[in-house]
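Engineer: what would the 3D arrangement of this be:
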Amino acid sequence: MNGYVQFYNLPDGKRAELIDGRIYYMAPLNRKHQRIILALSRVIADYIDRNNGSCEINIAPFAAFLNDDDKNYVEPDISVICAPAKLTDKGCNGAPDWIIEIVSSGSRRMDYLVKLFKYRTSGVREYWIVDPEKNRILIYNFETEDTGDFTLEDTVKVGIYDDLSIDFSKLDF
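Structural biologist: Numbers count the residues shown, from 1 in each chain. All right, here's what the predicted structure looks like:
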């Protein structure tokens, strides 16, 4: 049975992602992982609300069909979509504008390598890798080809917004 068929026949409650037709199983999130997602999503959602923004923030499990096909299905920890036409009741058809992944011990290879390449080639504008174990935040702005390497004590400028910076030292997680 190929990866595509296996993926769409997973038992209920089993989380996995499908990248280029290959299945990658996902471990349950730990408490710190969830707290980081919550803290970051609050800051981003508050910014969007304050500015009457048209972008929408979604947290995992939220489906992103990266290439608007059935061979690439991911559940980013946080995704920001600025094109309402991409959104359906099933998720996002096409690449989100901004994706944030929180690294866990079981996701390190996926977040740093597999997803980095896939997000870059599928049209994601900006990708953040937040690694609490290594006290590191890597930023990839694929539009400008800029990168950044920060710590969890730094203030980080968001590339898709002109006037949003996130002060990680003030986040409670």
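
Engineer: the helix or strand bottoming out on mean pLDDT in the chain: what's the following helix or strand?
Structural biologist: Ranking every helix and strand in the chain by mean pLDDT, DSSP states H and E puts helix 3-7 at the bottom, with a mean of 59. Heading C-terminal from helix 3-7, the first helix or strand you meet, by DSSP states H and E, is strand 16-19.

Engineer: got a list of contacts for that next one?
Structural biologist: Residues outside strand 16-19 that contact it (Cβ atoms under 8 Å, 6 or more residues apart in numbering): 3-4, 7, 10, 23-26, 71-75, 110, 114-115, 118. Glycine gets a C-beta too; all of them are placed from N, C-alpha and C.

Engineer: go with 7 Å
Structural biologist: Strand 16-19 is contacted by residues 3-4, 7, 10, 23-26, 71-75, 114, 118 when judged by Cβ atoms under 7 Å, 6 or more residues apart in numbering.

Engineer: looking at those residues, which are in strands?
Structural biologist: Among these, the ones falling in strands (DSSP state E) are 23-25, 73-74.

Engineer: which among the residues you listed count as buried?
Structural biologist: Buried members of these, counted by 16 or more other Cβ atoms under 10 Å: 24, 73-74.

Engineer: distance to residue 32 and pLDDT added to these, as CSV?
Structural biologist: What follows is those, written out as CSV (distance: Cβ to Cβ, whole Å; pLDDT from 0 to 100):
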residue, distance to residue 32, pLDDT
24, 22, 89
73, 26, 90
74, 21, 94
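
Engineer: and these, which is closest to residue 105?
Structural biologist: Residue 105 has its nearest neighbour among those in residue 24, at 14.9 Å by Cβ to Cβ.

Engineer: in the protein, which helix has the most residues?
Structural biologist: helix 31-50 (DSSP state H).

Engineer: check which residues of it are buried.
Structural biologist: Across helix 31-50, burial judged by 16+ other Cβ under 10 Å covers 33-37, 39-41, 43-45, 47-48.

Engineer: picking up where we left off before, nearest to residue 167, of the contacts of strand 16-19?
Structural biologist: Nearest to residue 167 among these, with distances taken as Cβ to Cβ, is residue 75, at 27.0 Å.
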